[in-house]
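Asker: Mind looking at a prediction? Sequence and model below.
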Amino acid sequence: MKIIFLLLFLGVNSVHAQTYEAKYEARLKTGNGQLWSGPTTLVFDNISAAFTTDAWPTESALFDVDANNMVWIDPDSEGMKIYTNFNLGVQKYKVSYGSPKPWNFIFTDSIPKINWSMSEGHRTIAGVDALKAVGSFGGRTYTAWFAPTIPSAFGPYRFTGLPGLIVGIESDDGLISYTLSSFNEVSGNDQRILPPVDGKEATLREYEKYVIANLLRAESNSTETTKVTLTNPASDYDIIKDRWTIISDYKRKRGY
């Protein structure tokens, strides 16, 4: 019995020592979802992973939020990389909201702890057998499909924590979905599995100071007849609902 267990243990670790690439098709209908939609890539080993949005502009681009709102988007050479390291228990990720030209902010945060509940269900995605789980993250409830035959707790975007690679995930409100399109082993050490560097490292406090400074700069242009101010994005602007409430919170403190 001990010998069999040892062989199984070594077998699992042998799989984990490899590097893999999982491609996903992202379909986001949030306020900035058009930018984050399309082909995405997750590269991972047993310890860390890097997730990128492949179609993110590498040069400044005009982004059509809706028929009445167009904004300039700052480029990113790394596809807005999200880096996850299980040993360190951290995620490093970029944000484009409110970032100054020509770079984006890089935040370091703990890995989100999603309380997954296993559910009855089975699905085959891109030829991979998957089981069903339900969990909540960022103000939304998600149905996830994970592959026990791929012993990795990683997934697209910032989703982690299931006993198998997440090969599909969709929010109950229909605004967020990632679906595996291909899965392959990658030979050798993949240099893509590194933290993002194209941007400026910032704490949330430093970011808040920057956003408030922009607010005050805008409001300084107000006149007796015209009031100039900044507003927060809508609740569903981002994958994480109500993510950027800095401006409204600050205004509330000032009695607005």
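Answerer: Sure thing, it's come through.

Asker: Mind listing the strands the host helix or strand of E185 pairs with, and their directions?
Answerer: Here E185 sits within strand 176-186, counting by DSSP states H and E. Sheet pairing of strand 176-186 (DSSP bridges) gives strand 19-28 (antiparallel), strand 165-171 (antiparallel).

Asker: Which of the residues in the longest one are classified as buried?
Answerer: What that stands for is strand 19-28. Buried residues in strand 19-28, counting neighbours by 16 or more other Cβ atoms under 10 Å, are found at T19, Y20, A22, K23, Y24, E25, A26, R27, L28. For glycine as for every other residue, the C-beta is placed from the backbone atoms N, C-alpha and C.

Asker: From Y237, how far out is the fourth one?
Answerer: Taken as Cβ to Cβ, to the nearest Å, the spacing of K23 relative to Y237 amounts to 26 Å.

Asker: mind putting the strands paired with strand 176-186 in JSON lines, mean pLDDT included?
Answerer: JSON lines is the format used below for those (pLDDT from 0 to 100):
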{"stretch": "strand 19-28", "mean pLDDT": "97"}
{"stretch": "strand 165-171", "mean pLDDT": "98"}
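
Asker: okay, those strands in JSON lines with distance to Y83 next?
Answerer: Shown next, in JSON lines, are the strands paired with strand 176-186 (distance: least, Cβ to Cβ, whole Å):
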{"stretch": "strand 19-28", "distance to Y83": "15"}
{"stretch": "strand 165-171", "distance to Y83": "17"}
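
Asker: Any idea which of those gets closest to S99?
Answerer: Among the strands paired with strand 176-186, the nearest to S99 by Cβ to Cβ is strand 19-28 (18.9 Å).

Asker: next SSE after that closest one?
Answerer: Scanning onward from strand 19-28 (DSSP H and E), the first element met is helix 33-36.

Asker: how big is the angle separating the next helix or strand after that following helix from strand 165-171?
Answerer: Downstream of helix 33-36, the next assigned helix or strand under DSSP H and E is strand 38-44. For strand 38-44 against strand 165-171, the angle by axes from the mean of the first three to the mean of the last three Cα atoms, to 10 degrees is 140 degrees.
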